[in-house]
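Peer 1: what would the 3D arrangement of this be:
(2 chains)
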Amino acid sequence: MKTKTVLLLLLTCSPLVSTAANVVEERLQTYKTAGAKNFSAAAGQSLWNRQFEQPDGSKARACSSCHTTDLRQAGKQINTGKLIEAMSPAINPQRLTDAEKIEKWFGRNCKWTMGRECTAQEKGDFLKFIQSQ
Amino acid sequence: MNIQTTLALIMTTTLGTAGLAVADKDSYALDQWKATPKTYLNKAEHEQYLKECGSCHFAYQPGLLPAASWERIMANLSDHFGDNAELPATETTDIRNYLLNNAAGRVNSSLPKKILRDSKAQQPVMRITETPYFIRKHDEIKPKMVKDNPEVRSFSRCDACHTRAADASYNEHEVKIPGYGRWED
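Peer 2: Coordinates of the predicted model:
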């Protein structure tokens, strides 16, 4: 096969492959258009571990309550005990490869943990942090 | 006998039988199937249900709750037993349809029929663990085996003790309580 053909094939196929890197990049671009900038893994980590008081009097929660502070480890849903696979894309290649899934879980988990939606900035910081682990 | 007379006779007989069944207070003619149940309990097989609901908790078989209970649960996913389990509208509809079409009372399986029969008198419960059938079946289980057992913690975790729960099998001979071993009735 000629080099040109191979290149053409690669180019044709590449948009079909959703890697964590290009899904995250696409998300970050979207967040930028919403006004966010300078995404930081460190800020994401800090927010990941921050405990949020719960207005209903239940125990304070953080992302790490279920996912643990080590994203390379599996976590456990604190209410049901159900196993949550590792968040790190290096350990679990399925992570961060599906934009819809990312937004669905931000929706559920930001509201349940922080009592509100995450901002575009916070989401970008989280993605940077998760990606770096 | 002409056709009209035959029809009238059939109708009288049918109505008469139904009347008798309703009159018998131990028999609920409307929701007791004449046929032998086809299965004990159908497995949960709906792809979206297994993915969306099963990622946080054991994917309870739809036949474990009456339709009215599933309806209540699916109407309030933003406060799902204290957790946020919101879904996009289309997925909510798909999953709700699956649960309602396979709820206790809508499938010809023996366990759902028992759960429904025992639930007759009361408002639809939100939890399988609140159905009279469930309560009766678990009344010998001591708190130390489930609630105070760090490896179990809640009756909601069917598969913590029922080793074949995911296959829709709740036979007591398959029960193995973590830290206590096999359950011998």
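
Peer 1: can you report phi and psi for the spatially most central residue of chain B?
Peer 2: Among the residues of chain B, residue B:64 comes closest to the average C-alpha position under C-alpha atoms, centre = their mean, at 1.8 Å. Phi and psi for residue B:64, reported as degrees, to the nearest 10, are phi -80, psi -10.

Peer 1: burial check on the residue lying closest to it once chain neighbours are set aside, number of neighbours?
Peer 2: Ranked by C-beta to C-beta, 6 or more residues apart in numbering or on different chains and with sequence neighbours excluded, the top spatial neighbour of residue B:64 is residue B:128, at 4.8 Å. Backbone N, C-alpha and C define where each C-beta goes, glycine included. Residues near residue B:128, counting by other C-beta atoms under 10 Å in any protein chain shown, number 18.

Peer 1: my read is that residue B:128 contacts residue B:65, right?
Peer 2: Yes: applying C-beta atoms under 8 Å, one finds residue B:128 in contact with residue B:65, separated by 5.8 Å.

Peer 1: which residues touch the residue nearest to the centre of chain B?
Peer 2: Contacts of residue B:64 were listed using C-beta atoms under 8 Å, 6 or more residues apart in numbering or on different chains, and they are B:41, B:104, B:111, B:112, B:115, B:128, B:131.

Peer 1: reformat these as CSV; add secondary structure.
Peer 2: Converted to CSV, the contacts of residue B:64 look like this (DSSP: H, G, I helix; E, B strand; the rest coil):
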residue, secondary structure
B:41, coil
B:104, strand
B:111, helix
B:112, helix
B:115, helix
B:128, helix
B:131, coil
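
Peer 1: just the closest of these to residue A:70, please.
Peer 2: When the contacts of residue B:64 are ranked by distance to residue A:70 (C-beta to C-beta), residue B:128 comes first, at 33.9 Å.

Peer 1: and the gap between that closest one and chain A?
Peer 2: When distance is defined by C-beta to the nearest C-beta, to the nearest Å, residue B:128 is 13 Å away from chain A.

Peer 1: for the residue lying closest to residue A:95 once chain neighbours are set aside, helix, strand, or coil?
Peer 2: By the measure of C-beta to C-beta, 6+ apart, the closest residue to residue A:95 outside its immediate chain neighbours is residue A:89, 4.5 Å from it. Taking three-state DSSP as the rule, one finds residue A:89 in the coil state.

Peer 1: pretty sure residue A:89 contacts residue A:71?
Peer 2: No: under the criterion of C-beta under 8 Å, residue A:89 is not in contact with residue A:71, lying 9.2 Å apart.

Peer 1: give the contact list for the residue positioned nearest the centre of chain A.
Peer 2: In chain A, the C-alpha nearest the mean C-alpha coordinate belongs to residue A:127, at 4.3 Å (C-alpha atoms, centre = their mean). In this structure, residue A:127 makes contact with A:24, A:27, A:28, A:39, A:44, A:96, A:102, judged by C-beta under 8 Å, 6+ apart.

Peer 1: got it, and residue B:56?
Peer 2: Residue B:56 is in contact with A:77, A:80, A:82, B:83, B:85, counting by C-beta under 8 Å, 6+ apart.

Peer 1: which parts of chain B are strands?
Peer 2: B:176-177, B:181-182 (DSSP state E).
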